[in-house]
Each structure stands twice: as structure tokens, then as C-alpha cells.
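In: sequence first, then the predicted structure:
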Amino acid sequence: MRIGVVLFVLGLSGAQTPSTPAPYTLFSPEGRRPVPARLISGQEMFSLDDLASVFQLALKEDSLAGGLIVTARGQSIVLTPGQSLASVGGRLISLPAAPVKDGKSWFVPVDFVPRALAPTLGTRLELRKASRLILVGDVRVPRIAGTVEPQGSLARLTLDVSAPTPHAVSQDGNRLVVKFEADALDAALPASSVPDLIQAIRPGDGPASLVVELGPRFGTYRASDLPGDRGTVRVVIDIIAATTNPNPGSTPAPAPSPPDTPPLLDIAPSGGIRTIVVDAGHGGTEDGARGPSGTLEKNVTLSVARRLKAALESRLGVRVILTRDADTLVELDERAALANNNKADLFVSLHANASVRASAAGAEVFYLSLEEYGDQAQRVAKGETEALPVFGGGSRDIEVILWEMAQARYIEQSAVLAQSVEAALREKIPMSPRAIQQAPFRVLVGANMPAVLVEMGFITNAEQEKQLTSDAFQVSIVQALVDSIVRYRDRPATRTGVAGAAAPRAGGGLRP
């Protein structure tokens, strides 16, 4: 897996190197229009002039303070170069980077749209970075993530639909058509690994339909809807070979079920832990590490995450949310945001490690290192307030936790959780010589709860690649993680003093 190194962007004119990434598409009831983006010091940004044209904003520079006042519908947003904070109607919000003044133009991070502009305009503004969409107002554009799995004599197409959208599946000659009651689709469609049953999956002729091109062995199909995570709907379409069910009018044989996870020991109710977010690393276009035989990290993490969810829910009675339950791309900050929005008690991110040394092996457990975040992180960890400048002169003390500082308050608890995970894993699977470490993983930065990242083994090690794909090894990992959470939950409520303790740094097999 790759470490998401955090870069602090300073809004100093002339200090950036701009480039031109693909534009975003703004989709509203009135139609579509492109919104250009620029890459400045590694941060995607919109020109405020472009946003002003789209959303009828008024821009006024504050010559005294050197900042900018953005007015929309009678409300003001105050921006200052070099400050990744914005005042929205008198309320401070955090941005991923400071605004930038380049010549006469101002640029703001793309997250300015949902974080600052949406509450000011009082309308729906949704930014989808992966698909480069800005949704405005009452438009229906469900996210759809598809997977294809061979299951004996059938191929199973799964479409995870968020938000739930009425739909219908019908056969039209040698293809299936899935029509949604929507304005458009934000779909990540898989390639077929079973071409004799499913030749291709592609967008349909209409703006809100998908087409499944059927293969030569197609006999019949069945479609069903199942509830998914976080209010999603899972559309399951089984494409059944003609030899399985030669008579289309008869009832097809039931689809084979995935192998059950071996039973775990019954464990007492969860006590103070009610919600756990399990993060399956990578996904979609982010494959992660690749093993010598071609095994992809993103597939291993998703398999273990699904098993862990089932085990935690059935044995501990807790609510478990997966950051992804399909082969979809989820931005790193969105993963922590999901945990924060659902008031999760724990955040566990699953990965498989890689190294240039083929012999590197063993699991490793990480929690966040504060050293890369400087004195500000240490102050947040201690609960200190910070003096912030205000327009018109002066300053005021305020306790504000920036997105980049959220995990700082939980370093001690995260260290305890990491120690519990390491101890439980050691009882079940091989461990690396540096089994517990600290590192500046971006996925942990914004988590507002105890959070750890687990490298389950080195997928670049041929032997460990085989282990990571085996049912027995994955079940051992799941059993250890469940046990570690129980130990963490039942630990004595005492301070450990490990927040500032020296710990091995990330390196060796980790990839920057």
C-alpha cells in the first residue's frame, strides 16, 4: 500500500506550480457545464471567478487584512491567504489547503464547494471527486459500483446502488437492460471475467440505463434486490448457463453460496463500543500492491473486510460499516469522514504490504505519527486553544480541531488499540520484526476516534501471497481482530502514557 504523505499548502502568490487536470462537470436541473480545475502545489483548486459565474457570487478583497470576502445570498465567506480556515457566516470551517492568490485571481480547494459554499447558498451541492461531478439541487444521479463473480455454472453481477433508486431489469434479445428512474448514472462498471456468460457491461442508450451483453452460454437469468450498507440497495443479477437450466420456464437452481466463515467463539455484548468502521484499503482504479502471481491488494482487503464485518456483527452485536463493499474508489478523506459522520467508536483500515525484498514477511500494525504535523498537533493532542486572527485586527482564542488534527486527540487510545491488535495477531499469524509502528498515513489523519492500520502481510512475498488469499489465513486474521477489539474494550481505563513514546518509524517495506 502507499502512504498518503500530507503536504501543507501555503497560499503565497508565485510559490505554486499550476497545471490543468480534467475539468469537473456541474450537473443541475438546468443542464450540464464544465468547471475548470487547476493543480496548484499538488492540490486541485477552482478559480473563484469561475465559481462566481456559476453561483452568482460577489467577490471583494479586504485591503486591510489582505483577505477576500465572498458574498452569496446575503451571507459572507471570509478567506485569508496562508490560512486553511474560512469563516462562513461567522462559523469557522476547515479546508484541506489555504486559498491561493495568483495574480488577480483567487483559487480555493475543490472542497470549498461542499464545505463552505453549500451552507452559504442553502442548497444541495455534492462534490464527487472520483467521477469529477458537482451535483446541484434536485438531480438524481445514483452511484453504481459493479462486480462480476463466477460461481460455478453462473456469473453473478452485483450492482451496489447509492442512493436507492427504482429500477427494472428486462431482457432485450441477447442483452439485459437495467433502467433506473434517474437523471443520470455515476457508474463504475467492471470488466467481465466470464465472457461466455457476460461479454460486456456498458452504459445504455438512455442517460440512466445499463446494458449487459450476454455470452453464447446464456440460458436464463434471475434478478433480486438486497439491502446493502449505509442505506444502499444491492441489485443481484445471476446469469445462468443454458446447461444449468435448459428450460427457461422452470425454476432455476439456487445459486451456490460463498463459503461460510468458520464459527468464532461467542463473545459477550459490546459494552461501550457500538459502531466500528472497517476500511478495505484501495479499490476501483487504485489496485494497491500486486503479488508475484497477480493477486491485487484491493481484492484481499475487501475479502477480509467482509468477513470481519460478519464476525463482529454476529459475535459482538455491534454496528459495522464498510468504507466500501465493492470494487470502488473511495477517497482517503472520505473514509475517515464516513467514520466521523456515523460517530464510530473505532476505525480499522486493512491493507497488504509490499517490499522490494521478496523475503519480507509478516503482519504490521500502525497508528498515526504526530511528528510530521509539528507543534500544532502536539497542542491539539493536549487540548490547548489557539489564537486566530480576526478581520479588523486583534485575535481570539478558540478550540478548533482541523481535519488534519482530528486524530491527534486519540493518539494514546490508538496506541493502546494498536498494541491490542498486535498481541492478538501474534497469536494467530506470522508478524514482522517491526510489528508495531507509527507512520503518517493520510487515511488515519481525519479519524475522530481511536484508529489503526493493519498490514496483514507482504503480498510481494510469494508464500504470503498464497496465505493472504486462503480462507484459513483470512479467518485467522478475522479471529485475531475480533479478539483484539474485545481486549481493547475490556481493558482497565488507565492512561498508558504512550503518546510520546518512541516507536519504530515507517520504512523498509512501506511505499511512499
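Out: It's in. Numbering: from 1, shown residues only.

In: can you pull out the helices in the protein?
Out: Here the chain has its helices, by DSSP state H, at 48-55, 112, 118-121, 297-316, 332-341, 374-381, 411-426, 442-445, 462-468, 471-489.

In: need those helices in CSV with mean pLDDT, can you?
Out: Listed next are the helices of the chain as CSV, based on pLDDT from 0 to 100:
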stretch, mean pLDDT
helix 48-55, 94
helix 112, 95
helix 118-121, 90
helix 297-316, 91
helix 332-341, 88
helix 374-381, 48
helix 411-426, 95
helix 442-445, 89
helix 462-468, 96
helix 471-489, 94
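
In: residue 130 is nearest to which of the ones you listed?
Out: When those are compared by C-beta to C-beta, helix 332-341 sits nearest residue 130, at 8.8 Å. Placement of C-beta: from N, CA and C, glycine included.

In: and that closest one, what other elements does it pack with?
Out: Judged by 3 or more C-beta pairs under 8 Å, 6 or more residues apart in numbering; DSSP states H and E, helix 332-341 is in contact with strand 275-280, strand 346-353, helix 442-445.

In: could you give the angle of the first one to helix 297-316?
Out: The reference is to strand 275-280. Put simply, strand 275-280 runs at 160 degrees to helix 297-316, going by axes from the mean of the first three to the mean of the last three C-alpha atoms, to 10 degrees.

In: and the contacts of strand 275-280?
Out: Outside strand 275-280, the residues that touch it by C-beta atoms under 8 Å, 6 or more residues apart in numbering are 298, 301-302, 304-306, 308-309, 312, 318-325, 335, 338-339, 342-350, 443, 485.

In: before we move on, back to that, for residue 287, which of the helices of the chain is the nearest?
Out: helix 297-316 (5.5 Å).

In: only the buried residues of that closest one, if you could.
Out: By 16 or more other C-beta atoms under 10 Å, the buried positions in helix 297-316 come out as 297-309, 311-312, 314-316.

In: kindly export that helix (C-alpha atoms) in CSV.
Out: Taking C-alpha atoms only, helix 297-316 is exported to CSV below (Å, rounded to 0.1, in the frame of the first residue of the first chain):
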residue,chain,number,x,y,z
GLU,A,297,-4.2,-5.9,-2.6
LYS,A,298,-7.7,-4.3,-3.1
ASN,A,299,-9.3,-7.7,-3.5
VAL,A,300,-7.6,-9.2,-0.4
THR,A,301,-8.6,-6.2,1.8
LEU,A,302,-12.2,-6.3,0.6
SER,A,303,-12.5,-10.1,1.2
VAL,A,304,-11.1,-9.8,4.8
ALA,A,305,-13.3,-6.7,5.5
ARG,A,306,-16.5,-8.5,4.5
ARG,A,307,-15.5,-11.4,6.8
LEU,A,308,-14.6,-9.1,9.6
LYS,A,309,-17.9,-7.3,9.3
ALA,A,310,-19.9,-10.5,9.6
ALA,A,311,-17.9,-11.8,12.5
LEU,A,312,-18.1,-8.5,14.5
GLU,A,313,-21.8,-8.2,13.9
SER,A,314,-22.7,-11.8,14.8
ARG,A,315,-20.4,-12.2,17.8
LEU,A,316,-20.2,-8.7,19.3
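
In: any idea what residue 348 is bridged to?
Out: residue 278, residue 452 (DSSP bridges).

In: can you count the residues close to it?
Out: Neighbours of residue 348 under the rule other C-beta atoms under 10 Å: 25.

In: return the distance of it relative to residue 367.
Out: According to C-beta to C-beta, to the nearest Å, residue 348 and residue 367 sit 11 Å apart.

In: list residues touching both of these two?
Out: 451, 452.

In: what comes up buried for stretch 135-143?
Out: Within stretch 135-143, the residues that qualify as buried are 135, 136, 139, 141, 142, 143, counting by 16+ other C-beta under 10 Å.

In: what is the nearest of these to residue 165?
Out: Nearest to residue 165 among the buried residues of stretch 135-143 is residue 142, at 4.5 Å by C-beta to C-beta.

In: tell me who's in contact with the closest residue to that closest one other than its chain neighbours.
Out: Of all residues not flanking residue 142 in the chain, residue 165 sits nearest, at 4.5 Å (C-beta to C-beta, 6 or more residues apart in numbering). Going by C-beta under 8 Å, 6+ apart, residue 165 touches 140, 142, 180, 181, 182, 233.

In: and the pLDDT at residue 165?
Out: The model reports residue 165 with a pLDDT of 86.

In: same question for residue 237.
Out: Taking residue 237 on its own, its pLDDT is 93.

In: again with residue 404
Out: Residue-level pLDDT assigned to residue 404 equals 56.

In: run a quick neighbour tally on residue 325.
Out: Neighbours of residue 325 using other C-beta under 10 Å come to 23.

In: I'd say it and residue 160 touch.
Out: Yes - taking C-beta atoms under 8 Å as the definition, residue 325 is a contact partner of residue 160 at 6.4 Å.

In: buried ones in stretch 124-131, by neighbour count?
Out: Quick answer for stretch 124-131 (16+ other C-beta under 10 Å): 125, 127, 128, 130.

In: ranges for the strands of the stretch 151-300 of the chain?
Out: Applying DSSP state E, counting those that start in this stretch to the stretch 151-300 of the chain gives strands spanning 154-162, 167-171, 175-180, 186-188, 198-203, 209-214, 218-227, 233-241, 275-280.

In: against residue 169, how distant is residue 225?
Out: Taken as C-beta to C-beta, the span from residue 225 to residue 169 is 10 Å.

In: more neighbours: those two, which one.
Out: residue 169 (18 against 14).

In: so where is the stretch 51-200 of the chain shaky, pLDDT-wise?
Out: Applying pLDDT under 70 to the stretch 51-200 of the chain flags the ranges 65.

In: so residue 274 makes contact with residue 321?
Out: No - using C-beta under 8 Å, residue 274 is not in contact with residue 321, being 11.3 Å away.

In: neighbour-wise, which of the two wins?
Out: residue 321 (19 against 14).

In: and the residue lying closest to the more buried one once chain neighbours are set aside, what pLDDT?
Out: Sequence neighbours aside, residue 277 is the residue nearest to residue 321 in space, at 5.0 Å (criterion: C-beta to C-beta, 6+ apart). We have a pLDDT of 96 for residue 277.

In: next, count neighbours for residue 277.
Out: 25.

In: spit out the contact partners of residue 466.
Out: Per C-beta under 8 Å, 6+ apart, neighbours of residue 466: residue 293.

In: tell me the spacing between it and residue 366.
Out: 24 Å.

In: just residue 178 next, same as before
Out: To residue 366, residue 178 is 41 Å away according to C-beta to C-beta.

In: local confidence estimate at residue 273?
Out: 92.

In: which residue sits closest to it, ignoring its sequence neighbours?
Out: In space, residue 273 is closest to residue 345, 4.6 Å off (C-beta to C-beta, 6+ apart).

In: give me the neighbour count for that neighbour.
Out: Residue 345: 19 neighbours (other C-beta under 10 Å).

In: offset the numbering so it begins at 495, please.
Out: Yes, from this point I'll number from 495; that puts the last item at residue 839.

In: what does it show for phi and psi?
Out: phi -90, psi -30 (degrees, to the nearest 10).

In: show the contacting residues for the nearest residue to residue 956 once chain neighbours are set aside.
Out: Among residues not flanking residue 956 along the chain, residue 786 sits closest, at 4.8 Å (C-beta to C-beta, 6+ apart). By C-beta under 8 Å, 6+ apart, residue 786 lies in contact with 852, 954, 956, 959.
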